[in-house]
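> return atomic coordinates for the entry below.
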Amino acid sequence: MKSQWKICSLLLPAFLAIQAYATLSDASNYPFNAYRMFTRTLSDGVYLERIRYLDQEGGSHTPGEVIPIPFFQANEMSYRAYIDTDDPALEAAICRIVLDGTQTEQVEVTRQIVHFTRDADKAMTSSIFRQETLHVCR
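Numbering: from 1, shown residues only. The predicted structure is shown next:
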């Protein structure tokens, strides 16, 4: 019984040391860290593409706010309608739903590239890097 504890007391610190070394050296060594996200240094900035619906009053809405289905499905449906395919019937159907959801007469569908950064206090800030109009719903 004592020999089992002695082996465990030697293997656990060795495993943790190897894991710490692999993480700090930015290496991907399978049994010690299985996922690349745990072994790489992240930059301070990230770019994210998103679709926004801008109404006449200047309000900005996510697909999940104006399409009455779960937000992840609303995002996927909006992306598919305005970026992946060129289907006027699908665009028109989404427009009707969005106009009902925002209760306005006109909504501009925009594609935004947003830059997220960390400031000195490690708080996330965002700014629109690029924005283009994809469609106008009337």
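> mind giving me the domain ranges of this protein?
By the assignment in automatic domain parsing, the chain contains the domains 2-38, 45-137.
> from these, which stretch is densest packed?
Comparing these by mean neighbour count (mean count of other C-beta atoms under 10 Å), domain 45-137 ranks first with a mean of 14. All C-beta atoms are positioned from the backbone trio N, CA, C, and that covers glycine.
> now it: average pLDDT?
Mean per-residue pLDDT for domain 45-137: 88.
> which parts of the chain are strands?
Along the chain, the segments classed as strands by DSSP state E run 45-55, 60-61, 107-118, 124-137.
> distance to D84 added to those strands, as TSV?
Shown next, in TSV, are the strands of the chain (distance: least, C-beta to C-beta, whole Å):
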stretch	distance to D84
strand 45-55	11
strand 60-61	20
strand 107-118	12
strand 124-137	12
